[in-house]
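Enquirer: Structure for this input, please:
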Amino acid sequence: MSLGKHIVSSDLIKVATSKRSNNIREPHLHAPAYGARFYTDPVPKFTMPTESMPAKVAFQIVHDELTLDGNPAQNLASFVSTWMEPEAEQLILESMTKNFADFDEYPQTQVIHQRCVSMLADLFHAPLSQGTDAVGTSSIGSSEAFMLAGLAFKFTWRNKRKAQGKPYDKPNIIFGANAQVCLEKFALYFDVEQRLVEVSEESNYCLDAKKAVSLVDENTIAVVGILGSTFTGHFEPIKELNDQLLELNNKTGWDVPIHVDAASGGFVAPFHYPELVWDFRLPLVRSINVSGHKYGLVFPGVGWCIWRSKEYLPTELVFNINYLGGNFPSFTLNFSRNACMVVGQYYNFLRLGSSGYKNIINNCAENARFLADCVRETSYFKLISDAEKGLPLVAFSIARSAQDGIYFDEYDISAVIRQRGWIIPAYNLPKNCDKINILRIVVREIHSEDTIEQIVQDLVWAYETLRDSRRKLIAQHGSDASSLKKQLAEEDATKTEQKKKTAEKKSEILKTSGGQTIREKKTVTSHEHPDNSENDRNGAETFNRTC
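Expert: Okay, the predicted model is just below:
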């Protein structure tokens, strides 16, 4: 007997389509629905339409497809801001057509940009003397900001090695296995050896300072400390890292610096943990990246990279551009982009000030601690992080004592709670702890105490729904629960095999049908019952590390 049947829905749709007598439905076309009141012809999906269409029809097609997305307010996986005040939205709309790369055409936008850089440098305690400009730049997000910082470290290290007549072909960079994927991208894209520090429960699944320093050598361009791990929200011990690395530098004569990835924590620590020393107050911290579109409370995407002073940004990385009119510097990986999110950031700085940011971040932290207390009280879950010293998020796993004899896991909880609209990611922890699965809820400005209460109610509902359904299955199998385990395992193997076949099929990205080239449709399962979570399992770590 099979508990569930795996169906490839695209194949099912093709069969059903072929049986229609007046078949106008083709897999590569949008079939007109109520849009047919204005437009009767099918619309191609993967090739540009030959003819134009009324604006209302184009709008309706795109609008209707986008309604299938998740609700941003219920996305508990992401740190990204999903709400700004109407006045901010108006400024963003007014600035959307301005090309930020064109300094000559939009000089006041550049003035505003530099003001933001100065405010962040001050917030992070950059040691600037009177009359000295802060050094930094905006970016699309923290990923680009980190890559700019990484390039500055690589060039600084290389220039020093060249001047000393030493080899400069084997740079390395050190960070924890819990790092966001952009750090690994930097190492791969710019040919720098990555040295990963294994994490453990004792280190809160974050970088261990002593282990990190033990990997340092004369070819290390930087050690990265993370102010807010994307996995669990914990702050890494950056002061301890600074002290130990300073001792090593004094002993060896090296000058290995620190970069702080403060993508999530850069707007949290200064307002909620002002006593925490993690920034330019530490002598080895040379650069900091931060996301404006996370707890900087701006829509995506804007990030910032701030340097301690201009001596740590090699001049050869900054290009002078004159072909847009005037002569201006450029240090970005991309070029043209709109200015609207920089303007949005400046609006927030003026509108909120330090006290406003403090109130919002404190409220997020308080709601996160309330959530942690509720999760703890259920007895169904074990807390991994409780928002007491880190980001306003709660990470937790199923308490094994509660789950004994019940065959479901964190991925099943994540799948079932989506029935209530909540997106709560399930994923495994980094290497060396990757047998531990956890769930993570990020608390943002838009999440009130009432929202937290509803999340907890639905979390309990998801757990008890799974528990009761599994108990019924066990009861049906009587005392021979081993046969149920075997059956579940067989179904998992079937789904894995089916997924392999589907992947092979999808590798042929394009196929020819009736002389027309169309893209292969994405294959999904026809039902979303708790057992059917293989896709979530395989994609969980990548999903978590990129949000």
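
Enquirer: Assumed Pro329 was part of a strand.
Expert: Yes - counting by DSSP: H, G, I helix; E, B strand; the rest coil, Pro329 is part of a strand.

Enquirer: ok, it - how many residues close by?
Expert: For Pro329, the count of nearby residues is 11 (other C-beta atoms under 10 Å). To be clear about C-beta, it is placed using only N, CA and C from the backbone, and glycine gets the same treatment.

Enquirer: Thought Thr315 was touching it, still the case?
Expert: No - the criterion here is C-beta atoms under 8 Å, and Pro329 misses it with Thr315 at 9.5 Å.

Enquirer: residues contacting the residue nearest to Ala121 when sequence neighbours are not counted?
Expert: Ranked by C-beta to C-beta, 6 or more residues apart in numbering and with sequence neighbours excluded, the top spatial neighbour of Ala121 is Ala134, at 3.5 Å. Shown in contact with Ala134 (C-beta atoms under 8 Å, 6 or more residues apart in numbering): Gln114, Val117, Ser118, Leu120, Ala121, Asp122, Ala126, Leu128, Ile306.

Enquirer: try 10 Å this time
Expert: When contacts are counted by C-beta atoms under 10 Å, 6 or more residues apart in numbering, Ala134 touches 114-122, 124, 126, 128, 306-310.

Enquirer: Filter the residues you listed down to the buried ones, PyMOL style.
Expert: In PyMOL, this line selects whichever of these come out buried by 16 or more other C-beta atoms under 10 Å:
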select buried, resi 115+116+117+118+119+120+121+124+126+128+306+307+308+309
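
Enquirer: In strands, which of the contacts of Ala134 appear?
Expert: Those of these mapping onto strands are Ile306, Trp307, per DSSP state E.

Enquirer: so of the contacts of Ala134, which ones are in helices?
Expert: Applying DSSP state H to those, the entries found in helices are Gln114, Arg115, Cys116, Val117, Ser118, Met119, Leu120, Ala121, Asp122.

Enquirer: Looking at the residues you listed, which gets the smallest pLDDT?
Expert: Among these, Gln114 has the lowest pLDDT, at 93.

Enquirer: how close does that residue get to Leu215?
Expert: To Leu215, Gln114 is 37 Å away according to C-beta to C-beta, to the nearest Å.

Enquirer: for the stretch 151-300 of the chain, what spans make up the strands?
Expert: For the stretch 151-300 of the chain, the strands defined by DSSP state E, counting those that start in this stretch cover 172-176, 193-197, 220-226, 258-261, 285-291.

Enquirer: Before we go further, Trp304 is sitting in a strand, right?
Expert: Yes - using three-state DSSP, the assignment for Trp304 is a strand.

Enquirer: Contacts only, for it.
Expert: Contacts for Trp304 (C-beta under 10 Å, 6+ apart) come out as 113, 116-117, 119-121, 124, 136-139, 141-142, 145, 262-263, 266, 288-292, 296, 342, 345.

Enquirer: Below-threshold pLDDT in this protein: ranges please.
Expert: 1-10, 12-40, 321-328, 401-406, 477-496, 498-547 (pLDDT under 70).

Enquirer: In it, where's the longest helix?
Expert: helix 340-378.

Enquirer: what number of residues lie near Met96?
Expert: The tally of other residues near Met96 (other C-beta under 10 Å) stands at 12.

Enquirer: so it touches Val343, yeah?
Expert: Yes - counting by C-beta atoms under 10 Å, Val343 is a contact partner of Met96 at 9.4 Å.

Enquirer: before we move on, back to that, dump the strands of the stretch 151-300 of the chain into TSV; add distance to Tyr463 as well.
Expert: Below are these laid out as TSV (distance: least, C-beta to C-beta, whole Å):
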stretch	distance to Tyr463
strand 172-176	31
strand 193-197	34
strand 220-226	31
strand 258-261	34
strand 285-291	32
